[in-house]
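Asks: All I have is the shape, not the residue letters:
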């Protein structure tokens, strides 16, 4: 078949995302903090932008507030007629008027320094490194200890095996072997009877871990010249005598505060704590060493049979074991709680609405503009572009381009605020009973319902409800909280999954701890008392989503 070349005309439509449109879409999903960081970066990169320090906008210029958003927190609402359509953004942008809400208050009082408002919390690694600095170890032992502390997770467990440490740390095993030939290199007693499995395993929540897997080579795809991930090769082979030296350092680290730190698994962690308490050899110690897996299911009778001990003694040992700390690093873990600043408020007013006031029932939606970035185009650069029109100077073109970018940024931020307001108002209309009566009146709601109500795409609603919070009479919630699935009860009745979760949580919270309810019994209670038909599998799924244990693990034995 012959191949011919020919020209052909084709008419087609194509959606192209301009950089400005991409920026506007990105602004929709930014949180309040991220938006402030973006504006601060824009102030650095765009010389025509400046922070507005005026007490308020110039009344002689056209205000930028949208029709629905003239209310500000703490300000009174004037009764005035609102235009039916949105303001003309082109006229607003070309006028150069308008500002964006101010980030800081304009009080003249001296603000506290950053050092006076921030305080760092001591971490587990800080606490352990301080003890290591005070420890009477030789330089080589401290170097080994530093490697081990650098491989601790936030719970205080070692995440690397001794074998991996020696084989993949360049020069470490060589230093240990050379140190063994010299005197006074080690101050710790080197253990001689160690289970070899300790050299090749690392921490798992319930026991010894599997040996660390090595990365394998990957073949090129379609014979393309792709980089091949090489196998990680050890730099040395583990010497058992060198491993015993590292084991001695690990055992010394386990004497640090908190007790049980630097353990490789739960069994070792509990054993270390009991040795510190002087309980080595007791019934509780033997249970931890040999029958720990039976304690997870609380099968104390089987433990008593295996230990040939009285059930009452096993119960006392169980109480002691439960009083130990399975995660030594817990008191030092986690980050400090951060306060949530709502992006929008929903207030309830019992007074009758005045003419022209924008309210949904007894509620009013108010944007929180406090702390938002407030920027404007510099008057100096505005006058520069007006004074020499038509000039093709490169400086003039640069300034015009930056002014255009700054105007688009302000427009995008205002559009973001407008969309947050409209989405929140739509949620208020759909979930009005929730704001009046509470979570049991939360109805199923999907993104499509709100998107159709305010005539935008579902993706826009999804972006604008991400990391945005609303302050309501029922509490502070993320906007995504109000979007929930439901369970069909027949005859067109659908019940929100969040309502069912709340009921399950209350039922479990009020149960007899000695006879906890099973998932089947919870489903029967929901059916009999609340007339809600739900399957056992659904109860189990919702219970797991609430981080609630099954009945056999919630049961209290004494």
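Replies: It's in. On a predicted model such as this, the values are computed, not experimentally measured, just so you know.

Asks: What count of nearby residues applies to the nearest residue to residue 472 once chain neighbours are set aside?
Replies: Closest residue in space to residue 472, ignoring its immediate chain neighbours: residue 346 at 4.7 Å, by CB to CB, 6 or more residues apart in numbering. Every C-beta, even on glycine, is put in place using the N, C-alpha and C of the backbone. Using other CB atoms under 10 Å, residue 346 has 21 neighbouring residues.

Asks: three-state assignment of residue 346?
Replies: strand (DSSP: H, G, I helix; E, B strand; the rest coil).

Asks: Can you check the pLDDT for it?
Replies: Note for residue 346: predicted pLDDT of 91.

Asks: before we move on, what about residue 254?
Replies: On the pLDDT scale, residue 254 gets 91.

Asks: Helix, strand or coil: sort out residue 511 for me.
Replies: Put simply, residue 511 is coil when judged by three-state DSSP.

Asks: Contact partners for it?
Replies: Going by CB atoms under 8 Å, 6 or more residues apart in numbering, residue 511 touches 517, 554.

Asks: From residue 135, how far out is it?
Replies: Applying CB to CB, to the nearest Å, the value for residue 511 to residue 135 is 49 Å.

Asks: the strands in the chain, which residues?
Replies: Along the chain, the stretches classed as strands by DSSP state E are 49-51, 344-348, 363-367, 375-377, 469-472, 475-478, 486-490, 493-496.

Asks: among those strands, which is nearest residue 539?
Replies: Closest approach to residue 539 among the strands of the chain (CB to CB): strand 486-490, 11.1 Å.

Asks: Mind listing what's buried along the closest one?
Replies: For strand 486-490, a neighbour-count test (16 or more other CB atoms under 10 Å) marks 486-487 as buried.

Asks: Stretch 137-156 too?
Replies: Residues of stretch 137-156 classed as buried by neighbour count (16+ other CB under 10 Å): 137, 140-141, 144-145, 147-149, 151-152, 155-156.

Asks: repeat for stretch 370-377
Replies: Within stretch 370-377, the residues that qualify as buried are 372-377, counting by 16+ other CB under 10 Å.

Asks: so who does the nearest residue to residue 378 once chain neighbours are set aside touch?
Replies: Leaving aside its sequence neighbours, residue 378 sits nearest to residue 50 (CB to CB, 6+ apart; 4.9 Å). When contacts are counted by CB under 8 Å, 6+ apart, residue 50 touches 43, 375-378.

Asks: Repeat that for residue 419.
Replies: By CB under 8 Å, 6+ apart, the contact set of residue 419 is 28, 456, 460, 464.

Asks: Pull the distance from stretch 175-188 to the chain's centre.
Replies: Using CA atoms, centre = their mean, to the nearest Å, the distance from the centre of stretch 175-188 to the centre of the chain it belongs to is 46 Å.

Asks: ends of that stretch, how far apart?
Replies: Distance between the two ends of stretch 175-188: 16 Å, counting by CA to CA, to the nearest Å.

Asks: got a list of contacts for that stretch?
Replies: Taking CB under 8 Å, 6+ apart as the rule, stretch 175-188 contacts 136-138, 140-141, 143-144, 166, 239, 241-242, 245-246, 248-249, 251-252.

Asks: for stretch 31-38, same thing?
Replies: 27, 30, 103, 341, 343, 371-373, 413, 416, 466-468.

Asks: if you set the cut-off to 7 Å instead, what comes out?
Replies: Here stretch 31-38 makes contact (CB atoms under 7 Å, 6 or more residues apart in numbering) with 27, 30, 103, 341, 343, 373, 467.

Asks: And for stretch 305-322?
Replies: Looking at what lies outside stretch 305-322 - CB under 7 Å, 6+ apart - the contacts are 270, 283-284, 286-288, 291, 295, 300-301, 303-304, 557-558.

Asks: leaving aside the residues next to it on the chain, what's closest to residue 402?
Replies: Closest residue to residue 402 apart from its sequence neighbours, by CB to CB, 6+ apart: residue 48 at 4.5 Å.

Asks: how about low-confidence regions in the stretch 251-400 of the chain?
Replies: For the stretch 251-400 of the chain, residues meeting the criterion pLDDT under 70 lie at 333-338, 350-358, 387-392.

Asks: at 80 instead, please
Replies: 296-297, 333-339, 349-361, 370-373, 384-393 (pLDDT under 80).

Asks: The stretch 1-150 of the chain now?
Replies: In the stretch 1-150 of the chain, residues with pLDDT under 80: 1-3, 14-24, 52-121.

Asks: And the helices in it?
Replies: For the stretch 1-150 of the chain, the helices defined by DSSP state H, counting those that start in this stretch occupy 19-29, 32-45, 89-95, 114-117, 124-134, 139-149.

Asks: Name the residues of the longest one that are buried.
Replies: Residues 32, 35, 38-39, 42 are the ones in helix 32-45 that count as buried (16+ other CB under 10 Å).

Asks: still on that earlier bit, buried only: go through the contacts of residue 419 for me.
Replies: 28, 456, 460, 464.

Asks: Which two among the residues you listed are spaced furthest apart?
Replies: Most distant of these, by CB to CB, are 28 and 456, 10.1 Å apart.

Asks: any residues in contact with both of those two?
Replies: In contact with both residue 28 and residue 456: no residue, using CB under 7 Å, 6+ apart.
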